[in-house]
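Enquirer: sharing a model that was predicted from the sequence below.
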Amino acid sequence: RFENLWDELTELHENENQSSKFPLEEDIAIQTKAKRYYYEAHTNHETILSHQPMASRQSINPNETLACPETRSNNKNLPRINLPHFNGQITNWPKFRDAFTSIIHNDALLSKMEKFHYLVSSLVGTASAVISNLPLIE
C-alpha cells in the first residue's frame, strides 16, 4: 500500500508537469528509511508468529514485571540500567532497537520468554497496543 501511494504521488506530480524535481533527495531518503523500518518490523512480526505453535499460545499480562537477573558480580558498583521505551514512532525505532538488542536480546542468560516479557514491558502507547493481543509462549 505504501508503494502504491508513493507511485500515485509521483504520477500526480508528473501530470502537473512541474519544473521542480520530484521527489527530492530528502524525500527519497525518508522513503527508503520508512521502507526499511516497515520491512524490518514486518519480518520480525512474521518471525515471531512462525515460532509460536497455535496449541500452546497463552495470554500475557503487560503490567506484570520480571526482575532483571543479577548474575554479573563484577557490575555490582554500576548504576542500574533502565530499559528503553518505544512508543511506536518510527523515528525512535533505531535507537530503541539498538539499545534493546544490546541490553536484552543479546543476553544469553535470558530465556526467550524473559526477553519477550522485557520487550512487552518496554512498549508504550501505540506500540503496546499493536502487540497487546499477541499470545505468549516459549
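Expert: That came through, no problem.
Enquirer: if I look at residue 78, how far off is residue 8?
Expert: 53 Å (Cβ to Cβ, to the nearest Å). (Glycine included, C-beta is placed from N, CA and C.)
Enquirer: domain ranges for the chain?
Expert: Domains of the chain are assigned by automatic domain parsing as 1-51, 56-70+82-138.
Enquirer: please identify the deepest-packed of those domains.
Expert: Across the domains of the chain, the average number of neighbours (mean count of other Cβ atoms under 10 Å) peaks for domain 56-70+82-138, which reaches a mean of 14.
Enquirer: off-centre distance for it?
Expert: On the basis of Cα atoms, centre = their mean, to the nearest Å, domain 56-70+82-138 sits 9 Å off its chain's mean C-alpha point.
Enquirer: residue 120 and residue 104, how far apart?
Expert: For residue 120 relative to residue 104 (Cβ to Cβ), the value is 11 Å.
Enquirer: doesn't residue 85 make contact with residue 123?
Expert: Yes - Residue 123 lies in contact with residue 85 (Cβ atoms under 8 Å); the separation is 7.3 Å.
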